[in-house]
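**Q** quick one: sequence plus predicted model below, questions after.
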Amino acid sequence: MLVCGADRGFLPSISITELLKRILCAELQESKQAARMGVEVETITPGDGSTFPKKGQTCVVHYVGSLTDGRKFDSSRDRGKPFKFKIGKQEVIRGWDEGVAQMSVGQRAKLTCTPDFAYGSKGHPGIIPPNATLVFDVELIGLE
C-alpha cells in the first residue's frame with residue numbers, strides 16, 4: 001500500500017497498482033484528445049495525384065460546410081461561384097490551410113476540422129456554435 005502523506009491526512013491509502021492504473025488512464029485520455037485535434041482528410045473522388053497547392057498559390061474550390069449533425073451553414077455550390085483563397089496565408093481556417101494542402105487538383109474530399117482547427121471556443125456567432133467540429137465537402141477545382 002502507498003501511504004505517502006496519508007498519516008497526515010493528505011492522501012488516502014492506495015495501492016501502487018491502482019496508482020499506476022490511474023496514471024495510465026489519464027495519459028490515455030490525453031493521448032486520445034491529442035489524436036482528435038486537427039483535420040482529417042477523407043478522399044471522396046481522387047484528383048490527378050500530382051498537382052498539389054504550394055504556399056501562396058490561389059486555390060479555387062467548391063465546398064459545402066456542415067456541422068456534425070448535418071446542418072449546412074455555408075456553400076459555394078449554392079451560390080454558384082467557386083471560392084478562392086491563398087493557401088498557407090491564414091485567409092481561411094487552419095483546417096483548410098492544412099487539409100486543402102494535402103489535396104491534388106480535381107480531388108474531392110471530406111475535411112473534418114476539430115474546433116482548434118476551425119473557429120475554436122468562440123465559434124462564429126449566429127452561424128457556428130462554440131467548440132464545433134466542422135465537416136466540409138471540398139473539391140479542389142484548380143490553382144492560380
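**A** Yes, it's here. Residues are numbered from 1 along each chain as shown.
**Q** dump the residue contacts of the spatially most central residue of the chain.
**A** The residue lying closest to the centre of the chain (CA atoms, centre = their mean) is residue 113, at 2.5 Å. By CB atoms under 8 Å, 6 or more residues apart in numbering, the residues touching residue 113 are 38-39, 93-96, 99, 133-136. Where you see a C-beta, it was placed from the backbone N, CA and C, and this is true even at glycine.
**Q** ok, now which ones touch residue 54?
**A** Shown in contact with residue 54 (CB under 8 Å, 6+ apart): residue 87.
**Q** so it, which state does it fall into?
**A** Assigned state for residue 54: coil (three-state reduction, DSSP: H, G, I helix; E, B strand; the rest coil).
**Q** what does it show for phi and psi?
**A** Backbone torsions of residue 54, given as degrees, to the nearest 10, read phi -110, psi 150.
**Q** any idea how far residue 101 is from it?
**A** 9 Å (CB to CB, to the nearest Å).
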